[in-house]
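Colleague: Predicted model, plus sequence, below.
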Amino acid sequence: MTEHLTIVTHPLVQHKLTLMREKGTSTAVFRQLLREISQFLAYEVTRDLPLTKRRIETPMQEMEAPVLAGKKLALISILRAGNGLLDGVLELIPSARIGFVGLYRDEATLQPVQYYFKVPESLEDRLVIAVDPMLATGNSSVAAIDLLKKAGATNIRFLCLLAAPEGVARMKEAHPDVPIVTASLDRCLNDKGYIVPGLGDAGDRMFGTK
């Protein structure tokens, strides 16, 4: 994967995203749609995983068959909203190792504040996929990638549901080696740092805390 930004335009992704954007969509439906859409996004972000061959026996004969190569990949959820994407991706890649980066946004400065960090070992030998539904200002995402690189990660991808141009630019400036996969590049941020037209606060809508 070499493109810095990949927008997944699959019709089912775009349809489900529209349902998620509607303010009348219930918490339960929002959560289910996020799980479904995350699997399409996971398909794209893992499109070029390296393969090796393993000898197996089918009911008909022996053959050399493709299997994933290298260490199990690492999925890193940027708390708390990242967990909504994590669940769906895990259904496709149940053997993945899991990590968590706890960051919250100071509403006055819009800067991230770290409160938790726990990731798998040997990140330098794994593909690391960081997940967070919203790439808004990019400050939290950049901070999370900073922490992952300090922990040894060298092959990182970022998976999000929505992105703003400001966040994409911030990520490209700070981490040009980290490709971004998203379902939509929205218009802009508002004066509070929220994505417009967006879908509101993904964590609040997912957990019913608004």
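Modeller: Arrived safely, thanks for sending. Numbering: from 1, shown residues only.

Colleague: Report how many residues lie close to residue 33.
Modeller: 20 (other Cβ atoms under 10 Å). (C-beta placed from N, C-alpha, C; glycine too.)

Colleague: from the middle of its chain, how far away would whichever strand or helix holds it be?
Modeller: The secondary structure element spanning residue 33 is helix 27-45 (assigned by DSSP states H and E). From the chain centre to the centre of helix 27-45 is a distance of 11 Å (Cα atoms, centre = their mean, to the nearest Å).

Colleague: helices and strands around it, which ones?
Modeller: On a contact count with 3 or more Cβ pairs under 8 Å, 6 or more residues apart in numbering; DSSP states H and E, helix 27-45 meets helix 11-21, helix 82-92, strand 127-131, strand 155-159, strand 180-182, helix 202-207.

Colleague: centre of the chain versus the helix or strand following the fourth one, how much separation?
Modeller: It stands for strand 155-159. Downstream of strand 155-159, the next assigned helix or strand under DSSP H and E is strand 162-163. Put simply, strand 162-163 sits 10 Å off its chain's centre (Cα atoms, centre = their mean).

Colleague: ok, now stretch 180-197?
Modeller: Counting by Cα atoms, centre = their mean, stretch 180-197 is centred 15 Å from the centre of its parent chain.

Colleague: first vs last residue of it, how far apart are they?
Modeller: 20 Å (Cα to Cα, to the nearest Å).

Colleague: mind listing what's buried in it?
Modeller: 180-186, 189, 194-195 (16 or more other Cβ atoms under 10 Å).
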